[in-house]
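> just the structure for this:
(one chain, ligands or ions: 1)
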Amino acid sequence: MQSISPSPSKTLKSLISDHKPQIRQKILGPNHTARIRVVQCIYRPDSANFSGGVGSNRHDWQSSCAILASKVVSQQQETEKSGNSEITAVNGHKTLDLVPIENLPKPLTIMDLSPAPMHGSQLRVAYQGVPGAYSEAAAGKAYPKCEAIPCDQFEVAFQAVELWIADRAVLPVENSLGGSIHRNYDLLLRHRLHIVGEVQLPVHHCLLALPGVRKEYLNRVISHPQALAQCELTLTKLGLNVCREAVDDTAGAAEFVAANNLRDTAAIASARAADLYGLQILADGIQDDSGNVTRFVMLAREPIIPRTDRPFKTSIVFAHDKGTSVLFKVLSAFAFRNISLTKIESRPHRNRPIRLVDDANVGTAKHFEYMFYIDFEASMAEVRAQNALAEVQEFTSFLRVLGSYPMDMTPWSPPRGD
Ligand SMILES: O=C(O)C(=O)C[C@]1(C(=O)O)C=C[C@@H](O)C=C1
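Numbers count the residues shown, from 1 in each chain. Okay, the predicted model is just below:
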């Protein structure tokens, strides 16, 4: 083993850095490598005994190390008992943790704070579900070379973008068979993210089970509630009048069947989920309509600048103090300007879900109050859209533009098997 002789001018800390592996073994023994405490004391040739300094020859040095080791170990035990594991004092001197060099944290750079990675690194895109979920495929379609970040809930995907853990989120809002994904409409209102794009994904469902399992063995089918709804008729046609159970996402259902070795349960999920979790495809294309499509929105912290050189869509949400009576006026603001609406959705007005209408003679009527969501085919850069919104604002007590973004114009490719 290489011998270690301290030079008079060196601190013990720098000596230990220079000869890390050997010193670690000398002081703390061969098994103690990770969390080292070092006494910061100056080597003084004139000091005979250790009292903050070490002796002048190799023998002194070694015994000082031995004293140090015992002090450090006992000090460490005390520190751990008291719960303070960061900095402590030996003989009045501060001790420091030495982190192994390979684990040292890297300082944040301006690049880590940039909204879109202009430095060439991958865009981080949050989606709900686990790998193999349709939302992961939608994230890949929206941002082809992205790093897809799985989130266990929609809310987490929103927060991942707000907290700069992700650059974008891609979340489903409606399906051609199952209808709206209401949770995401509510979350769009609760959070401050902007819709910066949309992507439509053909959804092709498979019935998955463990290898060797036959349809007759099944007494349960599990999947995301939307996927169960999209396959309802086909499951019945396949003779699968078994119990349906909803789980968080389709790929999560496949993972669950595989991880728990469930031979009586099938999952509805993608062919990619079958591959990832080692399941066989019992039936392919089990959605009730072969043209099954889910629409996803792309969300970012900043809006994009609306343009007029390609087809744009704008999404708004509004409410009115006098309830639904205003809806006709709002819709006419678009109709007069030849602006087509592509979607209307209403959700309970959370802050004021019910309005009481008192009529002294007849009694009290209760009206439900709503938030209305509208998507229309125009860009906020167009004067007709600006005028329409100016008019809408006159009739409404609350109006927010959720985003003005390019429409997904991907050519329609016929579904597999047609
Ligand atoms: O569970 C998944 O794989 C999802 O990506 C979620 C989801 C949805 O929320 O609608 C997405 C697309 C399909 O419509 C089915 C499920």
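
> okay, helices next: where are they in the stretch 301-418 of the chain?
327-335, 383-395 (DSSP state H, counting those that start in this stretch).

> export these to CSV and tack on mean pLDDT, distance to residue 307 and mean neighbour count?
(C-beta placed from N, C-alpha, C; glycine too.) Shown next, in CSV, are the helices of the stretch 301-418 of the chain (pLDDT from 0 to 100; distance: least, CB to CB, whole Å; neighbours: other CB atoms under 10 Å):
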stretch, mean pLDDT, distance to residue 307, mean neighbour count
helix 327-335, 93, 20, 16
helix 383-395, 96, 12, 16
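
> and those helices as CSV, adding distance to residue 243?
As requested, these are exported to CSV (distance: least, CB to CB, whole Å):
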stretch, distance to residue 243
helix 327-335, 40
helix 383-395, 46
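
> tell me which residues of stretch 209-218 come out buried.
Using 16 or more other CB atoms under 10 Å as the test for burial, stretch 209-218 gives 209-210, 213, 218.

> what average pLDDT does that stretch get?
The average pLDDT within stretch 209-218 is 96.

> just the CA coordinates for that stretch, please, in PDB.
Extracted C-alpha coordinates of stretch 209-218, given in PDB (Å, rounded to 0.1, in the frame of the first residue of the first chain):
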ATOM      1  CA  ALA A 209     -54.000 -11.600 -20.800                       C
ATOM      2  CA  LEU A 210     -51.100 -13.700 -19.500                       C
ATOM      3  CA  PRO A 211     -49.600 -16.200 -22.000                       C
ATOM      4  CA  GLY A 212     -51.700 -19.400 -22.100                       C
ATOM      5  CA  VAL A 213     -54.800 -17.800 -20.700                       C
ATOM      6  CA  ARG A 214     -58.000 -18.300 -22.800                       C
ATOM      7  CA  LYS A 215     -61.100 -16.200 -23.000                       C
ATOM      8  CA  GLU A 216     -63.100 -18.800 -21.100                       C
ATOM      9  CA  TYR A 217     -60.900 -18.500 -18.000                       C
ATOM     10  CA  LEU A 218     -61.700 -14.800 -17.600                       C
END
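
> need the contact partners of it.
238-240, 242, 257-258, 261-267, 278-280, 282-283 (CB atoms under 8 Å, 6 or more residues apart in numbering).

> and what of stretch 388-397?
Against stretch 388-397 from outside (CB under 8 Å, 6+ apart): 316, 318-321, 326, 329-330, 333-334, 337, 339, 376, 378, 380, 399, 401.

> now, which of those residues lie close to the ligand?
Residues of the contacts of stretch 388-397 in contact with the ligand (CB under 6 Å from any ligand atom): none.

> are any of the residues you listed buried, and which?
Buried members of these, counted by 16+ other CB under 10 Å: 316, 318-320, 326, 330, 333-334, 337, 339, 376, 378, 380, 399, 401.

> in strands, which of these appear?
Judged by DSSP state E, the buried ones among the contacts of stretch 388-397 include 316, 318-319, 376, 399, 401 as members of strands.

> how about residue 201, what does it touch?
Under the criterion of CB under 8 Å, 6+ apart, the neighbours of residue 201 are 134, 137-138, 141, 293-296.

> before we move on, back to that, buried ones only from the contacts of stretch 209-218, please, as a PyMOL command.
Provided next is the PyMOL selection string for whichever of the contacts of stretch 209-218 are buried by 16+ other CB under 10 Å:
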select buried, resi 238+240+257+258+262+265+266+267+279+282+283
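
> give me the subset of the contacts of stretch 209-218 lying in helices.
Judged by DSSP state H, helices contain the following of those: 257-258.

> the stretch 1-150 of the chain against the ligand: which residues are in contact?
Residues of the stretch 1-150 of the chain that fall close to the ligand, judged by CB under 6 Å from any ligand atom: 129, 133-135.

> widest-spaced pair of those?
Between any two of those, the greatest separation by CB to CB is 7.7 Å, found for 129 and 134.

> how about the residues of the stretch 151-300 of the chain near the ligand?
Taking CB under 6 Å from any ligand atom as the contact definition, the stretch 151-300 of the chain meets the ligand at 172, 175, 181, 203, 224, 226-227, 249-251, 294.

> just the ones of these in helices?
Reading helices off those with DSSP H, I get 226-227, 250-251.
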